[in-house]
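1. here is the input, now give the coordinates:
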Amino acid sequence: MLKFVSILSVLFLFGCKTPKTQVSATIGKSDFTIAFGSCNKHDLPNLLWDDVKASNPDVWIWGGDIVYADTDDMTELRRTYAAQNEVVGYKDMKSEVPVIGSWDDHDYGLNDGGVEFSAKQDSQQELLNFLDVPKNSPRRKQEGVYTSHHYRTSWGTVSVIVLDTRYFRTAITPDTETNKRLKPNTYGEGSILGEVQWEWLAGELANSSSDFNVVISSIQFLSNEHGFECWGNFPHEVDRFNELVADSKAKGVIVLSGDRHISEFSKTKIEGMNYPLIDFTSSGLTHAYSKFSGEPNPFRVGEVVSTESFGVLEFDFDKGEVVFKMMGDGGAVLGELRQSY
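-> As a prediction, this is how the structure comes out:
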């Protein structure tokens, strides 16, 4: 089926908008297709780029940890991004597929880092350079890499709302009582997004007329008992997000996350929403938690995939349905979930 997709990527920042971008034509089985992934080391083999391209996505979304630099040396960070851009499979995919995304801690520059990272302003510019964001974009002047992109097809519309869970994130709490790394902050203490980004997100959701609203979070939103980084370490921020989504009446809100070196589907019902909230975690691209033996997740649907994989979302606007797929090497479908909206 020939699919003509008119793509409009728009950044909302205090009333500023970027101009319309190109029109493209692609062939695929769905009305619109997103491919995404995270946790990618440029110096390890990535066997998935040909599979990403074969999935015929309308956009590739980096979910964070694009590279592993862990540095405040911008020369080193720039070199690492440049090396990733020269990876043959990625370069080939990128020549045909638009690329957007966010960062996580290892490309941000500080393991488990947040608001305290001294080089975050310079690191932001390097990420935007890697993503080919124009020098005159308002994103170059704002604090944080959050943005939104809006895609209009002949059948319907998708908004991709890219969050920044690093730039404003305040202190996390070490767990000194169990064998877990972290425990939740005292309710009400700290923030993941920071107030300016929260206000921006509220506006994005309240003003959205899109059929689907895909929210990119580098860390998991629903899974909250594993003791690593997640929204659950800030339980009041989870409640705020849930209330925001419900109050906004935005259609088809979906969360995509990474970070964990595993892939899994999580799902919950939120009061005031007439569809469930799904958090699709896809990680990692070049290295996975191969020794994974289980962990609690009260929201999990299906099985955890602990081999290298990427995520695909196939949208059917007529049916109001999304097919979520965990994809492995050779086009293997490692997990699948269908959801009507």
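2. use CA for all of it now, contacts and neighbours both
-> OK.
3. can you name the element that comes right after the helix ranked longest in the chain?
-> Taking DSSP state H as the criterion, the chain has its longest helix at helix 235-248. The helix or strand immediately downstream of helix 235-248 is strand 253-257, counting by DSSP states H and E.
4. what's that following strand in contact with?
-> Contact with strand 253-257 is made by 63, 212-221, 245, 277-282, as judged by Cα atoms under 8 Å, 6 or more residues apart in numbering.
5. list the strands paired with it, with their directions.
-> Paired neighbours of strand 253-257 in the sheet (DSSP bridges): strand 212-216 (parallel), strand 277-281 (parallel).
6. report the angle between that strand and helix 235-248.
-> Strand 253-257 and helix 235-248 are oriented at 150 degrees to each other (axes from the mean of the first three to the mean of the last three Cα atoms, to 10 degrees).
7. ok now strand 253-257, how far from the chain's centre?
-> From the chain centre to the centre of strand 253-257 is a distance of 7 Å (Cα atoms, centre = their mean, to the nearest Å).
8. dump it to PDB, keeping only the CA atoms.
-> What follows is strand 253-257, C-alpha atoms only, in PDB (Å, rounded to 0.1, in the frame of the first residue of the first chain):
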ATOM      1  CA  VAL A 253      -1.500   9.000  24.900                       C
ATOM      2  CA  ILE A 254       1.300   6.400  24.800                       C
ATOM      3  CA  VAL A 255       4.600   6.400  26.700                       C
ATOM      4  CA  LEU A 256       7.800   5.100  25.100                       C
ATOM      5  CA  SER A 257      10.800   4.500  27.300                       C
END
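9. before we move on, back to that, filter the contacts of strand 253-257 down to the buried ones and hand me the ChimeraX line.
-> Buried residues within those, by 16 or more other Cα atoms under 10 Å, are selected in ChimeraX with:
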select :63,212,213,214,215,216,217,218,219,220,221,245,277,278,279,280,281,282
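10. in space, what's closest to residue 83 - neighbours in sequence excluded?
-> residue 42 (6.7 Å; Cα to Cα, 6 or more residues apart in numbering).
11. next, the contact list for the one you found, please.
-> 67, 68, 80, 83, 84, 87.
12. give me the number of residues near the fourth one?
-> So that's residue 83. Using other Cα atoms under 10 Å, residue 83 has 13 neighbouring residues.
13. looking at this, it is in a helix?
-> Yes - under DSSP: H, G, I helix; E, B strand; the rest coil, residue 83 sits within a helix.
14. now do it against residue 147, distance only.
-> Remark: distance between residue 83 and residue 147 (Cα to Cα, to the nearest Å) = 25 Å.
15. in the stretch 51-200 of the chain, which spans are strands?
-> 59-62, 99-101, 147-153, 157-162, 173-174, 182-183 (DSSP state E, counting those that start in this stretch).
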